[in-house]
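Colleague: below is the sequence, then the predicted model.
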Amino acid sequence: MKNVFLCGDDKRFIECKKYLKKDKINTLIINKISDIDKEIKPQIIVLPISGINVITSLYHYLFSKFNDALFLYYNLTDEMKKSFDEYHLNSLDLSQNFKFSKENNIATAEASLKYIIENINKNFKDTKVAILGYGKCGKEVYDLYKKLGMKCNVFVRREEVKNKLNEDGFFLNELSELIELYDLIVNTIPSNVIDIDMLHKISLNTVLLDLSSYPYGWNHEVASYLGLYSYILKGLPAKHRYISIGKELANVIRESI
């Protein structure tokens, strides 16, 4: 029987386990070393999709004990990269799997609407949005919001990306002068692109949604201190779209075994 470890409390993993069970793939969800059946040797270990910022004793154990397994990950942090190099691990980046990545990013964009409806007392057609970044997630956010009638501007670093967006495209260095105009700011860049000076310019009625991973798009403690509506929303598919993503993860695992 083929063996798979899924690391962390994630509803996508629970769904994935159901699908793999039908294929007689033995799947174990683990959160600590004591959860590991010492008789089981995994072929694949799926790391937390949100990434790992601190390499705990659990991950040191997995990396050293099962360093011949294939490690699947989605968000590669600096700490993970160091460990992959240190333990010479064989790894697979789920963000490079087109279907899985697209499903996850669509789910992220759709789930973010919940927080817009709950926090912005305007119709979509009257909502002015600044989207920071136009990578895989930023593109899905932009496409969905535009279809719903929101007035979207996208802030990017590269000229060729800006040109793709026509009148909706702006450079990130233009954000400081425009930031007070928006009802909603959505970040998809895992970097502090909004500094403290810019946070002071943002209207108290503006909602800030951070869909990126650590270190996030701004200092959320400062934003909270300033009275801004600031939300870290990493892992949205794990909360609101876990069934479809769990099924797609199972497909990737089947292909990888």
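Modeller: Arrived safely. Since we're looking at a predicted model, the values are computed, not measured.
Colleague: quick one: E110 from T206, how far?
Modeller: 22 Å (C-beta to C-beta, to the nearest Å). C-beta coordinates here come from the backbone N, C-alpha and C atoms, glycine included.
Colleague: ok, now which ones touch I196?
Modeller: When contacts are counted by C-beta atoms under 8 Å, 6 or more residues apart in numbering, I196 touches 219, 222.
Colleague: all the helices of the stretch 51-200 of the chain, residue numbers only.
Modeller: Ranges of helices within the stretch 51-200 of the chain are 57-65, 78-87, 98-119, 136-147, 159-164, 175-178, 196-201, based on DSSP state H, counting those that start in this stretch.
Colleague: out of those helices, flag the one nearest P215.
Modeller: helix 78-87 (10.1 Å; C-beta to C-beta).
Colleague: ok, back up a step: comparing E110 and T206, which residue is more hemmed in?
Modeller: Between E110 and T206, counted using other C-beta atoms under 10 Å, the more crowded position is T206 (21 against 16).
Colleague: can you pull the contacts of the more buried one?
Modeller: So T206 contacts 180, 182-185, 228-229 (C-beta under 8 Å, 6+ apart).
Colleague: which of those lies closest to K114?
Modeller: For the contacts of T206, with K114 as the reference and C-beta to C-beta as the criterion, the closest is L184, at 13.2 Å.
Colleague: in contact with the closest one, which residues?
Modeller: 116, 120, 127-130, 150, 206-209.
Colleague: switch the cut-off to 7 Å
Modeller: Shown in contact with L184 (C-beta atoms under 7 Å, 6 or more residues apart in numbering): 116, 120, 127, 129, 206-207.
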